[in-house]
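*Asks:* Next come a sequence and a model predicted from it.
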Amino acid sequence: MDDIDQALDAVGPRLRALRRRRGTTLADLSGATGISVSTLSRLESGTRRPTLEQLLPLARAHGVTLDELVDAPPTGDPRIHLRPVACPGGMIVLPLTRRPGGVQAYKFVIPASLHPIEPDPQTHEGYEWLYVLDGRLRLVLGEHDLELSPGEAAEFDTHVPHWFGAAGTEPVEFLSLFGKQGERAHLRARPRTRHPLERSDQRRTVGGRW
């Protein structure tokens with residue numbers, strides 16, 4: 001049996017593991033991919049080998065690459081080929097993680113605006129932590145209207161109405177860790193000795209949580 005046969009034979013158990021890890025039923029997966037429940041069942045059991053036409057929608061539904069789905073051998077190239085997503089208003093979102101579920105990492109680039117933008121706060125499920133890399137970020141969170149500079153961070157429950165944009169005439173870049181089910185970022189750092197004259201309230205507290 002050659003490498004291709006071995007890779008295809010291993011797809012079934014991997015498909016089942018991905019679906020169960022995401023808590024998805026065969027019926028849900030069928031609706032997302034257009035592949036019948038009976039075919040999906042045979043693919044997972046290994047009694048039927050998948051075709052490329054089946055692998056592509058399955059990889060998309062599970063949030064993995066085709067290489068990950070078939071467990072393709074490494075090529076020796078460590079680079080990750082990221083695909084930026086253009087959003088309304090000119091904002092660019094660059095996904096930094098590819099695994100399904102859990103905390104997801106993104107880089108946001110928000111262009112500067114010559115005219116003031118009226119905030120439009122939104123709410124959704126989850127918890128978000130962000131860190132400003134460059135520029136000044138305006139964060140509207142509930143009753144708070146804050147401005148964060150490079151090196152400042154904030155975290156908040158996304159059930160609270162929130163909106164962010166460029167605070168000045170320059171673009172702003174920031175990193176975001178987002179947990180759809182409310183996961184929070186857990187950060188560890190070596191404590192340092194504070195200078196006697198240093199303020200004790202250096203951290204930015206948002207929404208009453210840090």
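*Replies:* Received, thanks.

*Asks:* alpha carbons only for contacts and neighbour counts from here, please
*Replies:* Fine.

*Asks:* Would you map the strands across the chain?
*Replies:* 85-86, 92-95, 103-110, 127-134, 137-141, 144-148, 153-157, 162-166, 172-179 (DSSP state E).

*Asks:* TSV for those, including distance to G12?
*Replies:* Formatted as TSV, the strands of the chain follow (distance: least, C-alpha to C-alpha, whole Å):
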stretch	distance to G12
strand 85-86	31
strand 92-95	28
strand 103-110	26
strand 127-134	34
strand 137-141	45
strand 144-148	48
strand 153-157	38
strand 162-166	42
strand 172-179	29
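
*Asks:* Switch these over to TSV, and while doing so, append mean pLDDT to every line.
*Replies:* Below are the strands of the chain laid out as TSV (pLDDT from 0 to 100):
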stretch	mean pLDDT
strand 85-86	72
strand 92-95	83
strand 103-110	87
strand 127-134	92
strand 137-141	94
strand 144-148	94
strand 153-157	92
strand 162-166	91
strand 172-179	90
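
*Asks:* Include distance to L18 and mean neighbour count when you put those strands into CSV, please.
*Replies:* Output for these, formatted as CSV (distance: least, C-alpha to C-alpha, whole Å; neighbours: other C-alpha atoms under 10 Å):
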stretch, distance to L18, mean neighbour count
strand 85-86, 25, 12
strand 92-95, 20, 17
strand 103-110, 17, 20
strand 127-134, 24, 20
strand 137-141, 35, 21
strand 144-148, 39, 14
strand 153-157, 28, 21
strand 162-166, 32, 20
strand 172-179, 19, 22
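
*Asks:* Can you say which of the ones you listed is nearest to T65?
*Replies:* Closest approach to T65 among those is made by strand 92-95 (13.4 Å; C-alpha to C-alpha).

*Asks:* Mind listing the strands that closest one pairs with, and their directions?
*Replies:* Here strand 92-95 has these sheet partners by DSSP bridges: strand 85-86 (antiparallel), strand 103-110 (antiparallel).

*Asks:* what residues does that strand touch?
*Replies:* The contact list for strand 92-95, computed with C-alpha atoms under 8 Å, 6 or more residues apart in numbering, reads 82-87, 104-110.

*Asks:* Spell out the residue ranges of the helices in this protein.
*Replies:* Secondary structure of the chain, counting by DSSP state H: helices at 3-9, 11-22, 26-33, 37-45, 52-62, 66-70.

*Asks:* among these, which is nearest D134?
*Replies:* helix 52-62 (32.4 Å).

*Asks:* chain center to the closest one: distance?
*Replies:* Centre-to-centre, helix 52-62 and its host chain are 20 Å apart (C-alpha atoms, centre = their mean, to the nearest Å).

*Asks:* what residue ranges in the chain score low on pLDDT?
*Replies:* 1-8, 66-67, 71-83, 88, 98-101, 114, 181-210 (pLDDT under 70).

*Asks:* hmm, back to that, okay if I get the helices of the chain as a markdown table plus mean neighbour count and distance to D157?
*Replies:* Listed next are those as a markdown table, based on neighbours: other C-alpha atoms under 10 Å; distance: least, C-alpha to C-alpha, whole Å:
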| stretch | mean neighbour count | distance to D157 |
| --- | --- | --- |
| helix 3-9 | 13 | 42 |
| helix 11-22 | 17 | 23 |
| helix 26-33 | 16 | 28 |
| helix 37-45 | 17 | 37 |
| helix 52-62 | 16 | 26 |
| helix 66-70 | 17 | 32 |
